[in-house]
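Colleague: Sequence and predicted model, in that order:
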Amino acid sequence: MITTSLIPSTIMDSRLTQFAALSQKDKAPAYLSLVSEIIARQDQSSIAPDLHALVETVVQDVGIVVGRQVLSELVRNLGTGSISDHNLRKRVVEETLATLQPRIVSYEEQVNSLRFQLADLLETEEEWSEAARVLMGISSRSLPDEEKFRVNIRIVRLLLEDEDSVQAETYYNRAASLSNSTSDRETQLQFKLCQARISDYARKFLEAAMRYHELSWLAEIDEEERKEMLSAAVTCAVLAPAGPNRSRVLASLYRDERSADLPTYNILSKMFLDHILRPAEIRTFEARLRPHQLAKIAISSNDQLASTIDDDDSAGPSTSTRRGPSTVLDRAVMEHNLLASSKIYNNITFRGLGALLDLAPGAAETMARKMIEQGRLKGSIDQVDKLIWFDAGGEEDDAQGKAGGLGDVEQTNEDTGAPFTKRWDMQIRMTAANVETIVQHLAEKGLIQQVAATA
């Protein structure tokens, strides 16, 4: 940091005294030439204190008309990089801003320009929150709506760099009310990216996944950034609550050919295909998550009470004592494994589901109950026999089959009179139809060789 005193040189004092005696019409040219002279000096040690003295004199002893001309010239020189040294330029901007801020009513335009410059300098130093705070101090009274929109978007972007999502959301809401004020494509793209990131930080993972995926298709965005957005879309889709809506998003991502090159493709494919996730796969995925995606979640008192109801009946050496998921990822994986188990079993005991999810039997029943209540799982609970019955078919099967499967297969429901065999018959019919479709594709490409039958 530069430590030169703010006391101006003796020569500077004498020149300012001379200028004070000039007539009003001669003051403007004199002060303007002095600004250029100070900035052009080879010895930079006296630039900051002399400019500070000049600014204070102009603000206190010169009229507003001349003062605005002189300060506008100074701001222009600072903005065009006339002072090349980063620390010196930052110091001059900060000192000038401190002098003008109490008189912002008279010098609003100059103060706003200095704040933009200081924010640029802080952003270069990666002082994201400090840069955002500087922009927050900009007086928006004289700014057009389009400029207000840009400033708010920039503040959101800077705050999110330091993961201050709470304050970022406040400024995002301000920007949203002005989103129709501009037709500039770049600004609109920045706004859409802020939308996706705000949803991500607010744990609205399903919404964030859809927004990220939409952005990953836009040609105006750099290819590497589009790949990052696609990866973010997969991550958010994995963390989203299990259910038909997530299945549709997973199907869309799984069908995207670019997803195969992502490091998270393995967990994406397993989730789409309703495979149960193993601890090793979860740990690999967890290493890629950002801090807010690993946030701890609290278990409500009602859920804690419900999870202890069956403890006496189900106590055993292999029974888990966990009362619920501890993180966002933990919850997403447990809900997915519960949904995947509904594709494998017709029914399962509370204790069996608890062993599968690494939860206490009561906690496993609570999770299943909440998913059924929210329409994310088709089934019913028999609390007398401590069983969870899963319903065959439903919206989720349609979501995955139509969005990412081999296509619609014409099916006719046959009433066998045996409800417990309907699902088994349907699975056999679907498997046979899919095998036949695969064989047809292979035959069309000449990959199957006909073998003559021998007597």
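Modeller: Structure received. Only a predicted model underlies this, so the values are computations on that prediction, with no experimental measurement involved.
Colleague: roughly how far apart are the spatially most central residue of the chain and residue 217?
Modeller: Nearest to the centroid of the C-alpha atoms of the chain, with distances taken as Cα atoms, centre = their mean, sits residue 197, at 2.0 Å. Noted for residue 197: a distance of 17 Å to residue 217, by Cβ to Cβ, to the nearest Å. C-beta here means a position set from N, CA and C on the backbone, and glycine is covered the same way.
Colleague: re the thing from before, got the contact list for the residue nearest to the centre of the chain?
Modeller: Counting by Cβ atoms under 8 Å, 6 or more residues apart in numbering, residue 197 makes contact with 160, 208.
Colleague: what's it sitting at in phi/psi?
Modeller: Residue 197 adopts backbone torsions of phi -70, psi -40, taken as degrees, to the nearest 10.
Colleague: which SS class is residue 183?
Modeller: Assigned state for residue 183: coil (three-state reduction, DSSP: H, G, I helix; E, B strand; the rest coil).
Colleague: In the chain, mark out all the strands, start to finish.
Modeller: Using DSSP state E, the strands found in the chain span residues 347-349, 379-382, 387-390.
Colleague: lowest-pLDDT helix or strand in the protein?
Modeller: Across the helices and strands of the chain, the lowest-confidence element by mean pLDDT, DSSP states H and E is helix 395-404, at a mean of 42.
Colleague: out of the strands of the chain, nearest to residue 445?
Modeller: With Cβ to Cβ as the measure, strand 387-390 is the member of the strands of the chain nearest residue 445 (37.8 Å).
Colleague: quick one on the thing from earlier: any idea which of the strands of the chain gets closest to residue 159?
Modeller: Once Cβ to Cβ is applied to those, the stretch that comes out nearest is strand 379-382, at 42.7 Å.
Colleague: Pairing partners for the closest one, with directions?
Modeller: Taking DSSP bridges as the criterion, strand 379-382 pairs within the sheet with strand 387-390 (antiparallel).
Colleague: The strand it pairs with: how far from the chain's middle?
Modeller: How far strand 387-390 lies from its chain's middle: 37 Å, per Cα atoms, centre = their mean, to the nearest Å.
Colleague: biggest helix in this protein by residues?
Modeller: For the chain, the helix with the greatest residue count under DSSP state H is helix 419-444.
Colleague: and that one, what does it pack onto?
Modeller: Helix 419-444 makes packing contacts with no helix or strand when contacts are defined by 3 or more Cβ pairs under 8 Å, 6 or more residues apart in numbering; DSSP states H and E.
Colleague: 10 Å - rerun?
Modeller: Taking 3 or more Cβ pairs under 10 Å, 6 or more residues apart in numbering; DSSP states H and E as contact, the helices and strands that helix 419-444 lies on are helix 395-404.
Colleague: in the stretch 101-250 of the chain, which spans are helices?
Modeller: All helices of the stretch 101-250 of the chain, identified by DSSP state H, counting those that start in this stretch, fall at 108-124, 128-136, 145-161, 165-176, 185-201, 205-215, 223-239, 244-255.
Colleague: possible to save these as a markdown table with mean pLDDT?
Modeller: Output for those, formatted as a markdown table (pLDDT from 0 to 100):
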| stretch | mean pLDDT |
| --- | --- |
| helix 108-124 | 93 |
| helix 128-136 | 94 |
| helix 145-161 | 93 |
| helix 165-176 | 91 |
| helix 185-201 | 92 |
| helix 205-215 | 94 |
| helix 223-239 | 93 |
| helix 244-255 | 91 |
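Colleague: Please name whichever of those helices is nearest to residue 102.
Modeller: Of all the helices of the stretch 101-250 of the chain, it is helix 108-124 that lies closest to residue 102, at 10.1 Å by Cβ to Cβ.
Colleague: circling back: measure the residue nearest to the centre of the chain to residue 29 for me?
Modeller: Taking Cβ to Cβ as the criterion, residue 197 is separated from residue 29 by 50 Å.
Colleague: can you check residue 433 too?
Modeller: Residue 433 is 89 Å from residue 29, by Cβ to Cβ.
Colleague: List the buried residues for stretch 251-262?
Modeller: 251, 252, 253, 254, 256, 259, 262 (16 or more other Cβ atoms under 10 Å).
Colleague: Which of the helices of the stretch 101-250 of the chain sits closest to residue 337?
Modeller: Set against residue 337 and scored by Cβ to Cβ, these come closest in helix 223-239, at 12.6 Å.
Colleague: Show me what counts as buried in the closest one.
Modeller: Counting neighbours by 16+ other Cβ under 10 Å, the buried set in helix 223-239 is 226, 229, 230, 231, 232, 233, 234, 235, 236, 237, 238, 239.
Colleague: again with stretch 189-206
Modeller: Neighbour counts using 16+ other Cβ under 10 Å place 190-203, 205-206 of stretch 189-206 among the buried residues.
Colleague: same check, this time on stretch 344-358
Modeller: Buried residues in stretch 344-358, defined by neighbour count with 16+ other Cβ under 10 Å: 346-358.
Colleague: and that stretch, average pLDDT?
Modeller: In this model, stretch 344-358 carries a mean pLDDT of 87.
Colleague: end-to-end on stretch 133-142?
Modeller: In stretch 133-142, first residue to last residue: 19 Å (Cα to Cα, to the nearest Å).
Colleague: outside of that stretch, which residues touch it?
Modeller: 93-94, 97, 101, 104-105, 108-109, 111-123, 127, 147-148, 151-152, 154-155, 158-159, 167, 171, 174 (Cβ atoms under 10 Å, 6 or more residues apart in numbering).
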